[in-house]
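Asker: just need the structure, nothing else, for what follows:
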Amino acid sequence: MEIDKKVVKKLIEALEDLKKSLNPDQISDVKNTEEKKEEKIESYKVAIKTPIVGTAYLAPEPGAKPFISVGKKIKKGETVMIIEAMKTMNHVPATSDGVVKKICVEDGQPVEFGQTIVTLD
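Answerer: Numbers count the residues shown, from 1 in each chain. Predicted coordinates for the structure are as follows:
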C-alpha cells in the first residue's frame, strides 16, 4: 500500500485550519475531557483474566447465587466464574487471595482470551 503524499499534506493543512479556528476555551475543554478520562483509570492489585474464549457465567446455573460479588473475600483457587467453550463448562479459579473490587463482565457475555474479568485488591 502506497501513501499519497498529497492526501497527507491536505490532512495536515485541514488539521492546522481546524486548530486555528478553535478558540482557546474550546481547546481547554478538549484537554479537560482528556484529563477526566485519565482519572477514570482504576488501581487494583490483581487482575484475573480469561484463559479461553467463550461465554462467561457468574453463577453455576441460571437463577443460582453468583460465585462472587463485589467486596467478597476470596482465596486462591476459588472459582470466580464459569466460561463455556464448545459446550464445556470451564471453572476459572482465582489466581490469588484478595477482595473483589470489580466484576468486569456480565452474566452471559462473550469473552476473549486474556480479557480481564475480575479485579482484586
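Asker: contact partners for the spatially closest residue to T95 that is not a sequence neighbour?
Answerer: Distance criterion Cβ to Cβ, 6 or more residues apart in numbering; nearest residue to T95, sequence neighbours excluded, is I48 at 5.6 Å. Where you see a C-beta, it was placed from the backbone N, CA and C, and this is true even at glycine. Applying Cβ atoms under 8 Å, 6 or more residues apart in numbering to I48 gives the contacts V80, V92, A94, T95, T116, I117, V118, T119, L120.
Asker: repeat that for 6 Å
Answerer: V80, T95, I117, V118 (Cβ atoms under 6 Å, 6 or more residues apart in numbering).
Asker: least confident secondary structure element in this structure?
Answerer: helix 24-39 (a mean of 57; mean pLDDT, DSSP states H and E).
Asker: and the helix or strand following that helix, how far out from the chain middle?
Answerer: Downstream of helix 24-39, the first helix or strand assigned by DSSP states H and E is strand 46-49. Offset of strand 46-49 from its chain centre (Cα atoms, centre = their mean, to the nearest Å): 11 Å.
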